[in-house]
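S.K.: just coords:
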């Protein structure tokens, strides 16, 4: 028992680099518990400090991202709406997704493609989508942005980066691309309860005729 | 029981009134202004309720008759009342006029002549969510089985994509002089062509990851075809 305690004391002494106190005797278990307890309190406080700093830096990062997107969008908005829409179509986005991202109907986008003028607010909204695509592609090396944004963020829910961006969560989309957040983290914040909402006893399957269908999830019997 | 409902009428529609693109292929949830449904009505509004796969044959041609439901005006039914009741109806708020409610009556169904549908005036096309909601209510009405709309979306997403692409293809090539029939035929040939290993662009549409590539390919081919049509014409 004495050997074990002596060994533990050596480890603790080594860890406490800020406490140069010389150990001259074998400590009692009460002393060891008190000291390790103190250490635990300090690491917990450090952890809270780190978490708080992470939250503050995250907030600052999102604010900076928003500024970056706004600045890029203001420059991009000098182009014609048709030109910007053409770029998004060229990147492989569907008109339905473009409409959702801008917050207008599909026929409205169709009219812009045919030359009808968009309002200033809508022109800026289209420019902001182009800016987002540019940031994802150039700063975060997403090679096929439209494809990346259409794939569900997590396997357990059908929510995509397009859904997030359509809800105005542009910074969160960039944070996922930058690997600062996971899809789960963002969904926990944006859609609390998403796990329950998308839990189902049914699954999609390919029927013998080649078409897709739904059926109960098959579970192996014990 | 907890069927889904809409937040705002706009959630249910892709297009209404003059916004409906006549070049868009016929799809589930399309509402036509005047349609005879044998055994149900001699005329009046009707909504297509057939599944997109069952209204077309192997060569993508429309079947001679398509399942449709009668559409009629309705008294006020609150947005939340659709969650637990009125399961024989599909809400069509603001179909013709804001603030007014119309409903598709899911018990008043029959096979209407496709020729009549195509000759008629389409007054609305439902959005994917609108189509999924219609299917959710229809399934529940027939079977008491509740299927979440997100699963119905997963099953039909590639069909919605194909309809969107055919509409865009038709917009492009018809502007260069092709007829709607020529546009549909050339699109089918293009997306169903085997590009290797039995794969087609049509089958690629099932994979969300590949849809952007399919769109880019279709857009490029439609442009190429338009150039060709213009140079010949």
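M.R.: Right, received. Where do you want to start? This structure is a prediction, so every number in the text was calculated from the model and none was measured.

S.K.: Quick one: neighbours of residue 76, just the number.
M.R.: You didn't say which chain, so I picked chain A. As a burial measure, residue A:76 scores 21 neighbours (other Cβ atoms under 10 Å in any protein chain shown). Heads up, the C-betas are built off the backbone N, CA and C, glycines and all.

S.K.: Please refer instead to chain B.
M.R.: Neighbours of residue B:76 using other Cβ under 10 Å come to 9.

S.K.: tell me the contacts of it?
M.R.: residue B:101 (Cβ atoms under 8 Å, 6 or more residues apart in numbering or on different chains).

S.K.: Please tell me how far it sits from residue B:100.
M.R.: Separation of residue B:76 from residue B:100 (Cβ to Cβ, to the nearest Å): 9 Å.

S.K.: Residue B:190 too?
M.R.: According to Cβ to Cβ, residue B:190 and residue B:100 sit 42 Å apart.

S.K.: which of these two has more neighbours?
M.R.: Neighbours around residue B:190 and residue B:100, counted as other Cβ under 10 Å, are more numerous at residue B:190. The numbers are 18 against 13.

S.K.: what about that one, which helix or strand?
M.R.: Using DSSP states H and E, residue B:190 maps to helix B:180-192.

S.K.: Next secondary structure after that helix?
M.R.: helix B:201-204.

S.K.: what packs against that following helix?
M.R.: helix B:180-192, helix B:211-232 (3 or more Cβ pairs under 8 Å, 6 or more residues apart in numbering or on different chains; DSSP states H and E).

S.K.: contacts for that helix?
M.R.: B:158, B:162, B:190-193, B:195, B:210-211, B:213-214, B:217-218.

S.K.: what's the closest of the residues you listed to residue B:172?
M.R.: residue B:218 (9.3 Å; Cβ to Cβ).

S.K.: quick one: residue A:111 from residue B:19, how far?
M.R.: Separation of residue A:111 from residue B:19 (Cβ to Cβ): 9 Å.

S.K.: swap in residue A:127?
M.R.: From residue A:127 across to residue B:19, the span is 24 Å (Cβ to Cβ).

S.K.: ok, those two, which is more surrounded?
M.R.: residue A:127 (23 against 16).

S.K.: Could you say which helix or strand holds that one?
M.R.: Going by DSSP H and E, residue A:127 is part of helix A:120-134.

S.K.: Spell out whether stretch A:92-101 and chain B are in contact.
M.R.: Yes - for stretch A:92-101, a contact with chain B is found by Cβ under 8 Å from any Cβ of the partner chain, at A:92-96.

S.K.: who wins for most neighbours among those?
M.R.: residue A:93 (26 neighbours).

S.K.: can you pull the contacts of whichever residue of chain A sits closest to chain B?
M.R.: Of all residues in chain A, residue A:92 sits closest to chain B, at 2.8 Å by Cβ to the nearest Cβ. Residue A:92 makes contact with A:144, A:146-147, B:211-213, B:215-216 under the criterion Cβ under 8 Å, 6+ apart.

S.K.: And those residues, which is closest to residue A:164?
M.R.: Distances from residue A:164 to the contacts of residue A:92, taken as Cβ to Cβ, are shortest for residue A:146 (14.5 Å).

S.K.: Around that closest one, count how many other residues there are.
M.R.: 23.

S.K.: Which of the helices or strands spans it?
M.R.: Residue A:146 belongs to helix A:145-150 when assigned by DSSP H and E.

S.K.: ok, residues contacting that helix?
M.R.: A:91-93, A:97, A:133, A:136-137, A:142, A:160-162, A:165, A:173, A:177, B:208-213, B:215.

S.K.: If you count contacts, what does the next helix or strand along the chain from it end up packed against?
M.R.: For helix A:145-150, the succeeding helix or strand toward the C-terminus, using DSSP H and E, is strand A:152-154. Counting contacts by 3+ Cβ pairs under 8 Å, 6+ apart, strand A:152-154 is packed against strand A:157-160, helix A:183-190.

S.K.: Close to chain A: what parts of chain B are there?
M.R.: So far as Cβ under 8 Å from any Cβ goes, chain B lies against chain A at B:10, B:14-15, B:19, B:21, B:53, B:128, B:147-148, B:150-156, B:158, B:160-161, B:164, B:168, B:171, B:206, B:208-213, B:215-216, B:219.

S.K.: could you flag which of those are buried?
M.R.: Neighbour-count burial (16 or more other Cβ atoms under 10 Å in any protein chain shown) applied to the residues of chain B next to chain A gives B:14-15, B:19, B:21, B:128, B:147-148, B:150-156, B:158, B:160-161, B:164, B:168, B:171, B:208, B:210-213, B:215-216, B:219.

S.K.: Out of those residues, which sit inside strands?
M.R.: Mapping these onto strands (DSSP state E) picks out B:14-15.

S.K.: and the longest strand for chain B?
M.R.: Assigned via DSSP E, chain B shows its longest strand as strand B:101-113.

S.K.: Need the contact partners of that one.
M.R.: B:31, B:35-41, B:45-47, B:49, B:64-77, B:86-93, B:95-96, B:134, B:137-138, B:141.

S.K.: one more time with 7 Å
M.R.: Residues from elsewhere that reach strand B:101-113 (Cβ atoms under 7 Å, 6 or more residues apart in numbering or on different chains): B:35-40, B:46-47, B:49, B:65-74, B:76-77, B:88-93, B:95-96, B:137-138, B:141.

S.K.: Chain A: strands as residue ranges?
M.R.: Counting by DSSP E, the strands of chain A are A:152-154, A:157-160, A:202-206, A:212-216.

S.K.: still on that earlier bit, out of the residues of stretch A:92-101 next to chain B, who's nearest residue A:56?
M.R.: Closest to residue A:56, out of all of the residues of stretch A:92-101 next to chain B and judged by Cβ to Cβ, is residue A:93, at 34.4 Å.

S.K.: residues in contact with the residue of chain B found nearest chain A?
M.R.: Here chain B gets closest to chain A at one residue, residue B:212, 2.8 Å apart by Cβ to the nearest Cβ. Listed by Cβ under 7 Å, 6+ apart, the contact partners of residue B:212 are A:92-93, A:144, A:146-147, A:150.

S.K.: Kindly provide the distance from the nearest residue to it once chain neighbours are set aside to residue B:22.
M.R.: Spatial nearest neighbour of residue B:212, excluding adjacent residues (Cβ to Cβ, 6 or more residues apart in numbering or on different chains): residue A:92 at 2.8 Å. Applying Cβ to Cβ, the value for residue A:92 to residue B:22 is 26 Å.

S.K.: before we move on, the earlier item: does the helix holding residue A:127 reach chain B?
M.R.: No - shown here: helix A:120-134 not in contact with chain B (Cβ under 7 Å from any Cβ of the partner chain), separated by at least 11.5 Å.
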